[in-house]
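just to be clear, the model below is a prediction. Sequence and coordinates:
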Amino acid sequence: MPDFITPYLIATLVKTAVLAGALMTTLAYLQWIERKVIAHVQVRMGPSRVGPHGLMQPLADVIKLITKEGVIPADVNVFFYVLAPFLAVFMSLISISVIPFGPPVTVFGYTTNLSLADPNVGILFVLAISSMGVYGVALAGWSSNNKYSLLGGLRSSAQMISYELPMSLAIAAPLLMAGSLSLREIVNSQGGYSFGVLPKWAIFSGPFPQFFSFIIFMISAFAETNRVPFDLPEAENELVAGFHTEYSSMKFASFFMSEYSNMVTICCITTVLFLGGWHPLWPAALGSNFVAPALFALAGALCFLHGLNPARPLDRFTLPVFGLVFFGLAGVFLVPIVVTMFMPVFWFVAKTGFLLFVFIWIRATLPRFRYDQLMSFAWKFLFPVALLNLLLTALMVSLVQ
Amino acid sequence: MTGETTLTEENLNATPAIDDRGVPFEAEVIADTAAHNQAPNTTRNMVLNMGPQHPSTHGVLRLLLELDGETIRKAAADIGYLHTGIEKEFEVKHYQQGVTLTDRIDYLAPMSNNLTYCLAAERLLGLEIPEHAQWMRVMLTELTRINSHLVWLGSSALDTGAMSVFLYCFREREDVLRIFEAFSGQRMMTSYFRIGGLAVAPPRGWQKMVKNFVDSFPSKIDEYEELLTGNRIFMGRTQGVGHISVEDMLDLGITGPMLRAAGLKTDARKDKPYTSYEKFDFKVATSDRNDVFGRYQVRVEELRESCKIVKQALEGMPEGPWKADAPGIVLPEREKMKTQMESLIYHFKIVTEGFRVPEGEVYQVVESPRGEVGCYMVSDGTQKPYRVHWRGPSFGNLQGVPTLIEGSLIADVIASIGSMDFVLGDTDR
């Protein structure tokens, strides 16, 4: 065996493959979940044609988008026009690499972190990369040779730069409490329970509970990811499709992917900073390890229940199969070795998933801000509040020390 | 009634005079932008061509906007992309056949248009319509108003980004359309009102259908209001947006909810009652806000009032025939046509050559969901109208576009033109 094949290299390669696969699947199915959730909010069915419950819809979409002709309109700046979507998707995918999903695990005697990289300035890395993401959108809007795209690109640049400030200030406050810039250290600092039950997550405890910071961060996150109610760059009713009006085929899909990937990343960051990362909601001594099996069992039972009274003939077969899968997962999460290795990951994914659901939920509910209102909201309200919150946190932290 | 205007050289070359408050044409916007951009030491303005294919121009309206950043400096609306020639077509149809054309003018308020046309023709004929038919007309016209306002509410909420309200509104609209289908066999192009009464007898069990709808609808309105009325973002998007003075509105011929949202209590149903509207107890919804939010309030209030009128019509519906007793104008009953020679002859005559309408001219106004819809009908004593002019409320309302949006932002354009509630078919005829 050559020298350079170290356990470190193998572990990193395996982690990269798993993470990339999981992320891509998540992105594809996040879109399916979004369509389904919004459809049910709006008394519709949502995707239901491709595969049972439209589960193959993401695959069909991908095939469609890949095989479509990639039109490059006349008189565009071809270099930037092609660069923009790749820049957007690259910048949004790369920041997931520093997210810690769980405590270190030991496999075949080799102990490794459940994250691709653990730089000691992890959070700065995320901020830097997400700021770069705006280039994709701005360049797309500028190079498309379309007035709607231009307006969308301009809106987006202004919006993302403006919301970066309250976002950074909101991040600074929990950093003060954690005393580290490493995402892993930040999560570790939130472990433990006050009074034995209340988790020491940043939004609940510490010298100054970071509740406001959490809200400000979430609002800025909506703006950063161009989601409703801040989806002005692609405001369909005003700017047709905003910065990606002129994009088609895989270049369009890249923008789509980058939006969803940004959403996933920002929800992961929220979980890490405010919701205690992989730490369970209540101590394992009080049975928090049984939440996962219980949830999966409930999902399985619901599947069987609906299978008894199927909406469509096919459901009589598909729903029990899903039910069995869920029961199987419930069983897996009762196995001791799985519990020690993957229970933290379950909690991390559960929290992130809940935040993603909030994103979708809000999209189905709220109208959209106007450009000037959005700006004044960021500068006149969010920014001062975030600043005040930071000052108070700093004061409390220094008083406690 | 035979005078014809000859087209002379002068007529053809005369340019229409535009006064100060007149509506600018697209050329003016382009010229204005060019003039601005030529001036030294200025930023360059952009001309944005919005429509006719655009998700939010509600059909094929084309807007030409001069943009300074996102602010609109000058605007012009370009119409005519949906010209159907319906007004001309009236002249080659028998009076009774003309009813089917009226649906297509304003396809969101078919019954209101049917009613206008029928009332005009009936006034020329001097027909007396039985009470049952009149009340039925009131009930269905109000359901039409609900139908049209629901489409408006949904699409204008969608314009501000509230997706779900749109689908909730269409869920309830579906109920209204089912009622229409039961009555006329058609969901949108109903043509249910005919000269002399209704097209066919009301369907069996219509009371139950209408009652179900009327009972459940008020709670649905609450549901929409819960999502929009108190919503800070929606308020921010609509309040103080799209202001236009009452004088301007009167000069430009803007009617309906837009005028009522400025506090002017004008409603043809109260001012010049027709089809026994005077027997119904309802309020004219007004608001003093004179902005997009005010128009929203007025229309939501009208949904409630219309629902009340439908309820009154349902409860107090008088018994009687559903068409006038006018042989030679109204088709005889099917059974009589099969058994009586005289009825058969009438039937044959009406279907093949129509009926003659006494010479004269009449102007009939009806309050449609969009405002005053007027039908000016001139008869020369034959079976076909000499001229039918249609006063589409959408045409009048659209004249306000430049006044409404100049100086506002792009997002306000969408909210403002949404608040006018125009139908392009009604604009172009």
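Received, thanks.

alpha carbons only for contacts and neighbour counts from here, please
OK.

where's the longest helix seen in chain A relative to the chain centroid, distance-wise?
Using DSSP state H to define each element, chain A has its longest helix at helix A:7-41. Remark: helix A:7-41 is offset 10 Å from the chain centroid, using Cα atoms, centre = their mean, to the nearest Å.

beyond it, next helix or strand please.
Scanning forward in sequence from helix A:7-41 by DSSP states H and E, the next helix or strand is helix A:57-67.

in that following helix, which residues are buried?
A:57-58, A:65-66 (16 or more other Cα atoms under 10 Å in any protein chain shown).

now residue A:394, nearest residue through space, not along the chain?
residue A:176 (6.8 Å; Cα to Cα, 6 or more residues apart in numbering or on different chains).

tell me the contacts of residue 301?
If you meant another chain, say so; for now it's chain A. residue A:323 (Cα atoms under 8 Å, 6 or more residues apart in numbering or on different chains).

I was thinking of chain B, sorry if that wasn't clear
Contacts for residue B:301 (Cα under 8 Å, 6+ apart) come out as residue B:285.

distance from the host helix or strand of the residue nearest to residue A:394 to the middle of the chain?
Per DSSP H and E, residue A:176 falls inside helix A:147-178. Taking Cα atoms, centre = their mean, the mean C-alpha location of helix A:147-178 is offset from the chain mean by 16 Å.

tell me what it is packed against?
helix A:122-143, helix A:183-189, helix A:211-224, helix A:236-239, helix A:249-273, helix A:371-376, helix A:383-400 (3 or more Cα pairs under 8 Å, 6 or more residues apart in numbering or on different chains; DSSP states H and E).

for the following helix or strand past the longest one, buried residues please.
Where DSSP H and E defines the elements, the next helix or strand beyond helix A:249-273 is helix A:291-308. Of the residues in helix A:291-308, those buried under the neighbour-count criterion (16+ other Cα under 10 Å) are A:291-294, A:296-304, A:306-307.

and stretch A:151-163, by the same measure?
Counting neighbours by 16+ other Cα under 10 Å, one finds that the buried residues in stretch A:151-163 are A:151-157, A:159-160, A:162-163.

can you pull out the low-pLDDT segments for the stretch 201-350 of chain A?
Counting by pLDDT under 70, the stretch 201-350 of chain A has low-confidence residues at A:232-238.

now do 80
Within the stretch 201-350 of chain A, the ranges that satisfy pLDDT under 80 run A:202-208, A:226-228, A:230-243, A:283-289, A:310-315, A:337-341.

point out where the stretch 1-150 of chain A drops to low pLDDT.
In the stretch 1-150 of chain A (pLDDT under 80), the answer is A:1-5, A:7, A:51-52, A:102, A:105-115.

near chain B, which residues of it?
A:41-43, A:147 (Cα under 8 Å from any Cα of the partner chain).

next up, the contacts around residue A:278.
Residue A:278 touches A:101-103, A:187, A:272, A:344-348, counting by Cα under 8 Å, 6+ apart.

can we see that at 6 Å?
A:102, A:344, A:347-348 (Cα atoms under 6 Å, 6 or more residues apart in numbering or on different chains).

quick one: secondary structure of residue B:66?
strand (DSSP: H, G, I helix; E, B strand; the rest coil).

helix or strand: which one has the nearest residue to it once chain neighbours are set aside?
Distances taken as Cα to Cα, 6+ apart place residue B:47 nearest to residue B:66, at 4.6 Å, with adjacent residues excluded. Residue B:47 belongs to strand B:46-50 when assigned by DSSP H and E.

so what does that strand touch, helix or strand wise?
Judged by 3 or more Cα pairs under 6 Å, 6 or more residues apart in numbering or on different chains; DSSP states H and E, strand B:46-50 is in contact with strand B:62-68.

for the strand it packs on, C-alpha coordinates in PDB please.
Taking Å, rounded to 0.1, in the frame of the first residue of the first chain, the C-alpha atoms of strand B:62-68 are listed here in PDB:
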ATOM      1  CA  ARG B  62     -48.700  46.600 -22.700                       C
ATOM      2  CA  LEU B  63     -47.100  49.200 -20.400                       C
ATOM      3  CA  LEU B  64     -44.300  51.400 -21.500                       C
ATOM      4  CA  LEU B  65     -42.400  52.700 -18.500                       C
ATOM      5  CA  GLU B  66     -39.600  55.200 -18.300                       C
ATOM      6  CA  LEU B  67     -37.500  54.100 -15.300                       C
ATOM      7  CA  ASP B  68     -35.100  56.000 -13.200                       C
END
